[in-house]
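Visitor: Predicted structure and sequence below. I'll ask about it afterward.
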Amino acid sequence: MIGWLKGIVRFSDLTSVVVDVGGVGYRVLAPVGDLSRLPGGTAAELFVHTHVREDAIVLYGFLAADGLELFEELLAVSGVGPRTALALLSGMEPGDLVRTIAEGDEARLTKIPGLGKKTAARIVLELKDKLAKRTLGMLGTRGARGGPLDDLRSALANLGYRAPQIDRAVQKVKPLVDQGQGLSELVREALKHVA
């Protein structure tokens with residue numbers, strides 16, 4: 001069973017990424033937020049859930065362990081399969097999803113495409129108390145995932161910059177985040193530091 005992959009991203013599409021590990025390309029399905037942070041040619045480390053079916057072995061990958069942990073929590077819910085769990089993690093950041101379930105907000109869950117009222121109610125019923133009592137380490141593992149710095153990283157990656165350039169630029173503009181600058185201002189300032 002594959003639990004972790006480290007390699008180079010060869011290419012990605014809207015639902016998956018192919019990671020070259022020692023000359024073998026592994027196709028890994030991943031949440032949209034994680035896919036946006038995996039442009040071709042970059043190094044990647046993914047926490048993996050291996051799902052075995054009668055006709056296929058499917059890999060589901062996550063940039064952080066908390067994403068994998070939440071994915072597996074969702075799979076434990078009666079009637080929730082990997083596609084539904086992945087749709088939930090693509091539709092909401094893990095921290096938001098945990099809060100939504102812990103607060104019992106079924107209406108918000110049903111806004112995820114393909115998720116009906118009965119499934120949303122079952123997810124809340126089976127996970128509400130569990131997630132309310134237990135922290136999945138969302139802040140400690142991911143930092144400000146989904147925050148302005150991650151949006152900036154994604155924007156710079158989409159412009160074709162490499163990880164070392166992005167890291168250098170993000171370090172330079174961190175003080176602007178505390179000042180409440182918007183993404184466009186952060187990108188404008190970061191572009192001065194990526195050369």
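Guide: Arrived safely, thanks for sending.
Visitor: which secondary element of the chain has the worst mean pLDDT?
Guide: helix 138-142 (a mean of 38; mean pLDDT, DSSP states H and E).
Visitor: List the buried residues of the helix or strand following that one.
Guide: Using DSSP states H and E, the helix or strand that follows helix 138-142 in sequence is helix 148-158. Buried positions in helix 148-158, judged by neighbour count with 16 or more other C-beta atoms under 10 Å: 148-157. (Glycine included, C-beta is placed from N, CA and C.)
Visitor: ok, now stretch 51-64?
Guide: Those would be 51, 58-64, for stretch 51-64 by 16+ other C-beta under 10 Å.
Visitor: gap between the two ends of that stretch?
Guide: 18 Å (C-alpha to C-alpha, to the nearest Å).
Visitor: residues contacting Leu74?
Guide: Residues in contact with Leu74 (C-beta atoms under 8 Å, 6 or more residues apart in numbering) are 80, 84-85, 88-89, 123, 127.
Visitor: so which of the residues you listed comes closest to Ala163?
Guide: Nearest to Ala163 among the contacts of Leu74 is Leu89, at 23.1 Å by C-beta to C-beta.
Visitor: Quick check, that closest one in contact with Gly67.
Guide: Yes - contact criterion C-beta atoms under 8 Å: Leu89 and Gly67 qualify, at 6.3 Å.
Visitor: Any idea how many residues pack against the closest residue to Leu75 other than its chain neighbours?
Guide: Take Leu75 and drop its neighbours on the chain: the residue closest to it by C-beta to C-beta, 6 or more residues apart in numbering is Ala85, 5.6 Å away. When neighbours are defined as other C-beta atoms under 10 Å, Ala85 has 23 of them.
Visitor: Surely Ala85 touches Phe71?
Guide: Yes - at 5.1 Å, Ala85 and Phe71 qualify as touching, with contact defined as C-beta under 8 Å.
Visitor: quick revisit: restricted to helices, list the contacts of Leu74.
Guide: 84-85, 88-89, 123, 127 (DSSP state H).
Visitor: As a check, name the ranges of all helices in this structure.
Guide: Counting by DSSP H, the helices of the chain are 32-35, 65-75, 82-91, 94-102, 106-109, 117-133, 138-142, 148-158, 163-178, 183-190.
Visitor: lowest-confidence stretch among the ones you listed?
Guide: Lowest mean pLDDT within the helices of the chain: helix 138-142, a mean of 38.
Visitor: what's the spacing between Met1 and Thr50?
Guide: 5 Å (C-beta to C-beta, to the nearest Å).
Visitor: Measure how buried the nearest residue to Thr42 once chain neighbours are set aside is and give me the count.
Guide: Excluding its sequence neighbours, the residue lying closest to Thr42 (C-beta to C-beta, 6+ apart) is Val9, at 5.3 Å. Burial measure for Val9: 20 neighbouring residues, criterion other C-beta under 10 Å.
Visitor: cool, Glu126 as well?
Guide: Counted with other C-beta under 10 Å, Glu126 comes out at 18.
Visitor: hang on, isn't it packed against Glu73?
Guide: No - if you go by C-beta under 8 Å, Glu126 and Glu73 don't touch, sitting 9.1 Å apart.
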